[in-house]
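> 3D model of this:
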Amino acid sequence: MHALENITYDELQIGDYATFTKSLTEEELVLFAAASGDVNPVSLDPEFASHSTYKERIGHGMWSGSLISAALSTVIPGPGTMHLEQKLKFDLPVKIGDTLTVKLTVVEKGERNRVTFRCEVTNQNNELVVEGESVVVAPTDKVTLEKPTLPRIQIED
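Numbers count the residues shown, from 1 in each chain. So this is what the prediction gives:
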């Protein structure tokens, strides 16, 4: 069993941080396009992308943003977190094969269990890819849950 345990509003302290890491694979790229409806040819069409700014396919910016959401809901604060706001600046493209690490740091605790996090996403070369800020409602009740097993999804042409 792999458990998910939250960190409640009362447990969180200014300066607390946690990380979450995931790689962008071809499968992840296509699944994100299918799920989101974002079929930008810069991400999906090698010929089109070869004439773009980066000369190759790049991942969807919001795929990186979705990793921040994943980190907030599974790591810090974890299960029960409600995402309210997110401000992002995309500094570098994410390429297929890149491994991104999200670092979330508590910068402010406010009324009604609101917590503000500084968000930094770096690639495997420790280059800043995305930066920003997220505001959440942190859980108040402590929970530990079994991490769900997701179904295997197969991509077909």
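> when you work out contacts or count neighbours from here on, use the C-alpha atoms and nothing else.
Fine.
> correct me if wrong: Val136 contacts Glu111.
No. Contact criterion C-alpha atoms under 8 Å: Val136 and Glu111 do not qualify, at 11.3 Å.
> okay, these two: which has more neighbours?
Each of Val136 and Glu111 has its neighbours counted (other C-alpha atoms under 10 Å); Val136 has more, 20 against 7.
> ok, the more buried one - contacts?
By C-alpha atoms under 8 Å, 6 or more residues apart in numbering, the contact set of Val136 is 81-85, 114-116.
> quick check: bridge partners of it?
Counting by DSSP bridges, Val136 forms beta bridges with His83, Val115.
> could you check how far it is from Leu128?
23 Å (C-alpha to C-alpha, to the nearest Å).
> helix, strand, or coil at the most centrally placed residue in the chain?
For the chain, the residue nearest the mean C-alpha position is Leu67 (1.1 Å; C-alpha atoms, centre = their mean). For Leu67, the secondary-structure state derived from DSSP: H, G, I helix; E, B strand; the rest coil is helix.
> contact partners for it?
Leu67 touches 20, 22, 102, counting by C-alpha under 8 Å, 6+ apart.
> thank you kindly, that will do.
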